[in-house]
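Student: no sequence for this one, just the structure:
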Ligand code: FES
């Protein structure tokens with residue numbers, strides 16, 4: 001036994017640990033508390049523990065590895081974590097799909113590195129107290145004191161003035177003003193921090209961040225469900241609700257604002273801050289969420305040709321919509337691209353660092369609506385496709401959200417069916433990445449044909465009346481006391497979703513006149529995009545088959561983009577530039593789309 005130890009650095013989680021020479025990467029990950037998925041328990045047969053060597057020396061690939069990994073992967077340094085032994089100090093990259101869901105989600109929301117230029121900045125002012133020999137008004141004494149520090153002619157809204165006397169006295173004539181250009185948006189205790197609130201308003205989920213505007217640091221983050229779900233699952237049903245009920249739009253707006261207020265105060269509790277210190281907010285969402293939040297009409301959004309009421313950036317006092325932040329705080333909403341490509345897509349592009357690029361790049365965010373951008377030879381095209389909620393677990397017999405007990409990884413090796421659930425609990429259903437995996441594995445095992453029909457023989461294929469189903473988890477092993485199974489109808493839902501997305505990609509490529517193999521970078525954003533297994537996505541034909549290193553799974557880039565817009569007004573200029581430059585492609589109006597879609601519906605042959 002060698003006493004030699006080496007340091008192993010696990011990226012992008014950023015953990016380091018000392019391990020004895022000859023330990024495997026999987027051993028190291030376990031020791032370091034990095035949850036590498038090891039479906040087969042380290043036997044070398046599931047291929048789930050793929051990692052990539054960046055620096056240093058590992059043992060030569062074993063036979064198991066050369067059997068399990070494509071040559072191209074091996075050439076790029078990919079290894080099986082359970083097989084590769086550590087022979088020097090090494091740096092290892094763990095791709096998101098090899099991590100369990102909770103750890104993949106931790107990768108999200110990394111702080112953006114943009115130059116700080118927030119819309120609101122502080123000005124610390126010492127105001128002389130009044131006395132019998134100094135009877136100036138509170139406002140006069142404050143503006144005269146501020147004039148010695150700043151050349152700006154300050155302006156005050158009525159609501160700020162209403163608070164002024166109490167604030168000056170409460171803080172003993174020493175205050176910190178938050179200035180938005182020359183407008184005073186908050187009067188704060190001396191030296192107290194300025195915060196901003198960034199929220200990604202999804203149709204289903206909200207992601208909220210409290211950001212220190214002076215450091216750019218994210219002080220707290222929280223997720224919540226969009227309360228509008230009670231009024232309709234998707235954008236169309238929300239628009240219908242707003243149209244058909246008196247005060248419907250107002251109800252949707254106030255429900256959302258209530259939840260945003262709750263999130264803002266919960267974030268403040270987490271960060272030990274006050275909502276009064278939140279002096280600016282950025283809200284990003286799809287066009288329908290944008291219109292419902294701002295109180296713009298949505299009727300025309302639901303009718304062809306689906307034009308937004310406003311696509312320009314908007315900013316207005318937060319209190320106008322009932323947001324309870326600093327008295328004079330503003331809300332900024334970046335511009336929308338089109339009726340179905342909203343400001344959240346613009347934020348996603350900013351978050352992924354894509355404003356313009358000489359490369360050929362696809363960037364997409366998979367959701368109920370999937371927005372896709374293609375950059376090629378200096379041009380930028382975008383489209384939206386109705387991919388449906390199947391990848392969120394909806395409309396699938398045993399579908400569920402990515403929560404404990406959800407099957408997130410599946411491998412079928414002959415008669416052996418291996419699953420991994422979130423939190424390693426008894427299986428209760430399938431989340432999006434699990435469903436994607438099942439379909440890919442069934443395809444690979446030739447148990448479904450290119451039309452999505454279950455066929456062949458396998459002990460887990462069972463007849464249920466006239467239908468055939470694949471039993472993924474037997475009742476006695478499941479957490480729901482019945483078989484967890486996948487039906488043809490489930491497979492078809494996945495087929496429709498992947499057909500729509502792939503057809504969107506292919507149509508943009510056709511419009512730009514470029515072949516898919518020319519794509520230099522393929523960026524997948526969003527929660528599902530972060531935890532899907534790339535191999536499965538390629539196997540079912542959701543994504544084109546490109547060398548793996550061209551793919552980048554970037555997490556909630558829309559949330560990162562929203563934070564960038566919060567801390568930097570330069571980013572707001574970039575958002576404007578994106579929208580001015582983009583060429584929107586309406587798929588419905590595109591001749592080739594139907595035939596591309598029909599073709600994209602079929603699964604590739606195994
Ligand atoms: S854990 Fe490494 S191949 Fe299964």
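Tutor: In hand now; what should we look at? All figures in this text were calculated on a predicted structure; none of them were measured in a lab. Residues are numbered from 1 along each chain as shown.
Student: For the stretch 101-250 of the chain, just list every one of the strands.
Tutor: For the stretch 101-250 of the chain, the strands defined by DSSP state E, counting those that start in this stretch occupy 120-126, 155-156, 174-180, 183-188, 195-201, 205-212, 218-225.
Student: Write down the beta-bridge partners of the closest residue to the ligand within the stretch 201-350 of the chain, one by one.
Tutor: The minimum distance from the stretch 201-350 of the chain to the ligand, using CB to the nearest ligand atom, falls at residue 223 (30.2 Å). Using the backbone N, CA and C atoms, a C-beta is placed for each residue, glycine as well. Taking DSSP bridges as the rule, residue 223 bridges to residue 207.
Student: how much space is there between it and residue 428?
Tutor: Distance of residue 223 to residue 428, computed by CB to CB, to the nearest Å: 21 Å.
Student: one step back: what residues does the residue of the stretch 201-350 of the chain closest to the ligand make contact with?
Tutor: By CB atoms under 8 Å, 6 or more residues apart in numbering, residue 223 lies in contact with 205-208.
Student: low pLDDT regions in this protein?
Tutor: Across the chain, the ranges flagged by pLDDT under 70 are 1-2, 101-112.
Student: ok, which residues in it are in contact with the ligand?
Tutor: Residues of the chain found near the ligand (CB under 6 Å from any ligand atom) are 38-40, 42-49, 80-82.
Student: So residue 253 is in contact with residue 298, correct?
Tutor: No: using CB atoms under 8 Å, residue 253 makes no contact with residue 298, being 10.5 Å away.
Student: so what's residue 480 closest to, chain neighbours aside?
Tutor: Nearest residue to residue 480, sequence neighbours excluded (CB to CB, 6 or more residues apart in numbering): residue 428, at 5.2 Å.
Student: thought that neighbour was touching residue 419?
Tutor: No: counting by CB under 8 Å, residue 419 is not a contact partner of residue 428; they are 11.6 Å apart.
Student: could I get the residues of the chain next to the ligand as TSV with neighbour count, distance to residue 272 and secondary structure?
Tutor: TSV is the format used below for the residues of the chain next to the ligand (neighbours: other CB atoms under 10 Å; distance: CB to CB, whole Å; DSSP: H, G, I helix; E, B strand; the rest coil):
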residue	neighbour count	distance to residue 272	secondary structure
38	20	39	coil
39	18	42	coil
40	17	45	coil
42	18	43	coil
43	12	48	coil
44	18	48	coil
45	19	49	coil
46	23	44	coil
47	20	45	coil
48	23	40	coil
49	25	40	coil
80	27	45	strand
81	26	39	coil
82	26	43	coil
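Student: hang on, the earlier thing: got CSV for the contacts of residue 223, with neighbour count and distance to residue 154 too?
Tutor: Output for the contacts of residue 223, formatted as CSV (neighbours: other CB atoms under 10 Å; distance: CB to CB, whole Å):
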residue, neighbour count, distance to residue 154
205, 17, 40
206, 23, 35
207, 22, 35
208, 25, 31
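Student: Out of the residues you listed, which comes closest to residue 499?
Tutor: Ranked by distance to residue 499 (CB to CB), the contacts of residue 223 are led by residue 205 at 24.7 Å.
Student: re earlier: is it possible to get TSV of the residues of the chain next to the ligand that adds distance to residue 15?
Tutor: Formatted as TSV, these follow (distance: CB to CB, whole Å):
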residue	distance to residue 15
38	17
39	22
40	23
42	19
43	25
44	24
45	26
46	23
47	23
48	19
49	16
80	20
81	14
82	18
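Student: Can you pick out the most distant pair from those?
Tutor: By the measure CB to CB, 45 and 81 form the most distant pair in these, at 13.3 Å.
Student: Now residue 44. Nearest residue, chain neighbours left out?
Tutor: Once flanking residues are discounted, residue 44 sits nearest to residue 64: 3.7 Å by CB to CB, 6+ apart.
Student: hmm, I was thinking of residue 191
Tutor: residue 176 (6.5 Å).
Student: State the distance from the one you found to the ligand.
Tutor: Going from residue 176 to the ligand by CB to the nearest ligand atom, to the nearest Å gives 55 Å.
Student: No further questions, thank you.
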